[in-house]
Each structure stands twice: as structure tokens, then as C-alpha cells.
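Colleague: what follows is a protein structure lacking sequence information:
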């Protein structure tokens, strides 16, 4: 037994080092290529600079030759000396401009060196390798996927397929599609699995919400469509008892529902009307006495329960940043985060803490994300938070970030996955072991196993 344990330990160590060695060797090869290319281009720059010097010397020598007859001809023809001087300046300027442009183009090519990008990718993989591992990317989907969700045990995954829903078996990170179910008439934006049974809720552009109840291993029965929103629905959350559903939409309204998974039905209760723009994200605190919401009108709203346990408007949170907010999430009863969403943006995670009965921004805990002023952030892909592991998954623009949260509430970026498109969806299994993403550029599902405790 001892020998077997030692053998396994050595094999695991050798496997980890082998992967690292392969990546570092690949990096070394790319650096040699980079060095060779840079030296070649620097040699060309030196050659062009010498050419410039020689041209200037030739020009000087040519214009330094004195001829009595040329000067006499100039006087006879009445040519003004200043005109000759201006012509010389113009010729020198033209020469300088031509050679300067030539060098600028070579320096620009040096800056755009593609090998820099390749080295950067290898370094990212070296950073990723001990935190996560890509274990499956064999399942393609050309149709849009705007939401993914797992059941409580992580054995079933559902994903949006335009207006349909794909049902997948999920075992040890491997996806196996078992069915595609229909009901919605337009693109689905939200899927949310129950944490107590194999039932889920869906919503989207057709302005309706549906409950789905499992009949057998492959089949789910849809409820009637429930429609109180007058525009697309972008976010759904359950309370912990799973008897209340809250939905947010592009009609600027939050709807509160009673949900019954046993009878597979919803009952509309009331609306919350304070937002003046689309609602993109909702979250309860752990005690469920506070609801927070954000969206397109660049503000965060706090809602509180009254004596009859109905949600009522509390106040608008004071922010230093006025941007669209696509996602927010409570860390505990007294702290939540909010993520910037504009194209030209501060690109950060803002941190808010409860002080003197109001949530206030803590600028010292703000976390900077990778800057990008060419793209705005997109909705969907809510923040996933595993409270046991204190692990948070946050998507922002081209990146999916893995973040650990300390006992003091400090956020630490562990690593990030970069995509070529900002249309990225994903979900974390409830045990925090697997992350599945879909992105529009690749049009396929990537499954990562996470090694984060």
C-alpha cells in the first residue's frame, strides 16, 4: 500500500512537471523565433538608417559644389537666392519624410510581431495549468446559446439552442446530448435549474416564462407560458426555499412570482417599478432580506422586505462609476460586487459594503480587469459563486475570470480564460468542480476541470 501510494505520488509529480516542461520548451522555441525575427528587422532598420545618412551626405556634397558660371547664370536670369534656399529645404524635407516613413513602417511591423501573441498564449497556459484543465471540447453548436445551467448533482446540463433547450448527460466532464425540447417561440436568454429536484425554469425574447418538470430520464413537460413582462426577460433567480421566483426584463420591470415545482406552475404576485432602463442582473443576500438589481440605466437599486414580506424600494446606491451593469452578486449578507459593462470603461469589479445601514462603495477593494475599449460587455452568464470553496466565476468582455474570496472579503484573481468573442456563456457545477462554456467564435462547448480548493 505504501509503495503504491509513493508510486502514484511520483507519477502525478512527473505528469505535472512533464506538462510544464513541454510548455516551457515551446515558449523557448517561440522566443528563439522571436529573437531571430527581431534581429532581422532591427538589421533592416539599421540598413535603412545608413541609407538615410548616405543620402544626406550625397545631397550635401552635391549642393556644396561651387560653379562660377552657375552663379553668373543665376544673376543673369534674376533667380532669387531665397528660392534656391527654399528648394534645398524642400528636397531635404522630402528625403527625410520618405526615409522616416520607411522606418516607421518597419517599427510598426516590429510592434505587431505575431510571435509576441504566441508567447503570451503559452504563458497564460502555464499560469492555467495547475488551476484547471480543458478535458472536452468535442461538442459543437452552431446555433446561439445564451444560457447554461446544471442540476443539483451535476449529472444533467441544459443549454439554450436559440428557442430550443438541449438536454445533456454530464459525467466526469463529458457531455452526451440526450434530447432537444421545444416550447418557446423566440430565443431563450435564461435557464435556471432547481437545487432540490430535476425541474427548471426558462425565459427569453418571447416575453414568457415556462416551468419544466421531468417525466423520465430524457423527457420534460412544459407548463403553460406565463407572460407578465412586455419585453425580453434577461434574468431569473429563486429564493432558497424555491417558492419564489424573481424575474427582470427589458420592460424596465422586476416581477415577483410564487413558484410550485410539484405542480409545475407559476402564480404572478406583483411588480417592482423603479428602474428606468433594462434590468440585467438580480441577487438576494444570504438572509434574503435584501434584493439588489442593476441594468442599462447605470444605477444599482436596493430593495427591502416590509412587515408583510413584500419587496419594497429601498434606495439607489451611490457609485463612483456611472456605467451599464450586466452582473452583480452578493458575497454575504453585507457585501456585494458589481461589474462594469460599457465599451469605454473603467473595466473593473466594484465592491460594496454595508455601513450605517446603507451599502457603500469601498474603492480600496476594487479589482481591475483586463482593459478593452473596443467591446462592451454582454448580458447573460450570471456570476457563479461557490460559497464552500469561496470561488467565483465572472465573465467580462473577452475573459472568464476565476476569483477566490478571502475571509475578509478580498477578491484575488486566480486566472482567466481568453476568448475571441465577447459572446460567451457558461455555468459552474454546484460542487465547483467543472466549468462549461460556449462561445460564438468557436461555436462549441469547452469543459474545464478545476483544481481549486
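Modeller: That came through fine. Just so we're clear, the structure is a prediction, and the values are computed from it rather than from any experiment.
Colleague: what count of nearby residues applies to residue 37?
Modeller: 15 (other C-beta atoms under 10 Å). The way it works is simple: take the backbone N, C-alpha and C, and place the C-beta from them, glycine included.
Colleague: and the helix or strand where it lies, what does it pack onto?
Modeller: Taking DSSP states H and E as the criterion, residue 37 maps to helix 2-64. The contact analysis (3 or more C-beta pairs under 8 Å, 6 or more residues apart in numbering; DSSP states H and E) places helix 2-64 against helix 81-111, helix 114-128.
Colleague: least confident of those, on average?
Modeller: Among these, helix 114-128 carries the lowest mean pLDDT, a mean of 60.
Colleague: so in that sheet, which strands flank the next helix or strand after that helix, and in what orientation?
Modeller: Using DSSP H and E, the helix or strand that follows helix 114-128 towards the C-terminus is strand 132-140. As defined by DSSP bridges, the strand partners of strand 132-140 come to strand 444-450 (antiparallel).
Colleague: buried sites along the strand it pairs with?
Modeller: By 16 or more other C-beta atoms under 10 Å, the buried positions in strand 444-450 come out as 444, 445, 446, 447, 448, 450.
Colleague: next: stretch 318-329.
Modeller: So for stretch 318-329, counting by 16+ other C-beta under 10 Å, buried means 319, 321, 323, 324, 325, 326, 327, 328, 329.
Colleague: go on, stretch 150-162?
Modeller: In stretch 150-162, counting by 16+ other C-beta under 10 Å, buried: 150, 151, 154, 156, 157, 158, 159, 160, 161, 162.
Colleague: which ones among those residues map onto strands?
Modeller: Counted as lying in strands by DSSP state E, out of the buried residues of stretch 150-162, are 150, 156, 157, 158, 159, 160, 161.
Colleague: how about the last one, nearest residue that isn't a chain neighbour?
Modeller: Translated: residue 161. residue 143 (5.0 Å; C-beta to C-beta, 6 or more residues apart in numbering).
Colleague: which pLDDT does the model give the one you found?
Modeller: pLDDT at residue 143 comes out at 96.
Colleague: looking at this, it is in a strand?
Modeller: No: Residue 143: not assigned to a strand; according to DSSP: H, G, I helix; E, B strand; the rest coil it is coil.
Colleague: tell me the contacts of it?
Modeller: For residue 143, the contacting residues are 161, 162, 164, by C-beta atoms under 8 Å, 6 or more residues apart in numbering.
Colleague: does the first one touch residue 141 like I think?
Modeller: Yes: counting by C-beta atoms under 8 Å, residue 141 is a contact partner of residue 161 at 6.4 Å.
Colleague: how far is the helix or strand harbouring residue 170 from where the chain is centred?
Modeller: Assigned by DSSP H and E, residue 170 belongs to strand 164-171. Offset of strand 164-171 from its chain centre (C-alpha atoms, centre = their mean, to the nearest Å): 24 Å.
Colleague: using TSV, lay out the contacts of residue 143 together with distance to residue 134 and pLDDT.
Modeller: Listed next are the contacts of residue 143 as TSV, based on distance: C-beta to C-beta, whole Å; pLDDT from 0 to 100:
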residue	distance to residue 134	pLDDT
161	22	98
162	26	98
164	27	98
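Colleague: which of the residues you listed sits closest to residue 172?
Modeller: Lowest distance from residue 172 to the contacts of residue 143 (C-beta to C-beta) belongs to residue 161, with 23.4 Å.
Colleague: which strand residues bridge the closest one?
Modeller: Counting by DSSP bridges, residue 161 forms beta bridges with residue 164.
Colleague: gap between it and residue 177?
Modeller: Residue 161 sits 10 Å away from residue 177, going by C-beta to C-beta, to the nearest Å.
Colleague: likewise residue 428?
Modeller: On the measure of C-beta to C-beta, residue 428 and residue 177 end up 20 Å apart.
Colleague: ok, now which ones touch the most centrally placed residue in the chain?
Modeller: By C-alpha atoms, centre = their mean, the mean C-alpha position of the chain lies nearest to residue 396, the distance being 2.8 Å. If you count contacts by C-beta under 8 Å, 6+ apart, residue 396 has them with 339, 340, 347, 369, 370, 377.
Colleague: thought the fifth one was touching residue 347?
Modeller: Yes: Residue 370 lies in contact with residue 347 (C-beta under 8 Å); the separation is 6.9 Å.
Colleague: quick one: common contacting residues for these two?
Modeller: Common neighbours of residue 370 and residue 347 (C-beta under 8 Å, 6+ apart) are 396, 397.
Colleague: between these two, who's got more neighbours?
Modeller: Legend: neighbour count by other C-beta under 10 Å for residue 370 and residue 347, higher for residue 347 (20 against 13).
Colleague: got the phi and psi for the more buried one?
Modeller: When read as degrees, to the nearest 10, the backbone of residue 347 gives phi 50, psi 70.
Colleague: who's in contact with the closest residue to residue 219 other than its chain neighbours?
Modeller: Excluding its sequence neighbours, the residue lying closest to residue 219 (C-beta to C-beta, 6+ apart) is residue 179, at 7.1 Å. Counting by C-beta under 8 Å, 6+ apart, residue 179 touches 166, 167, 218, 219.
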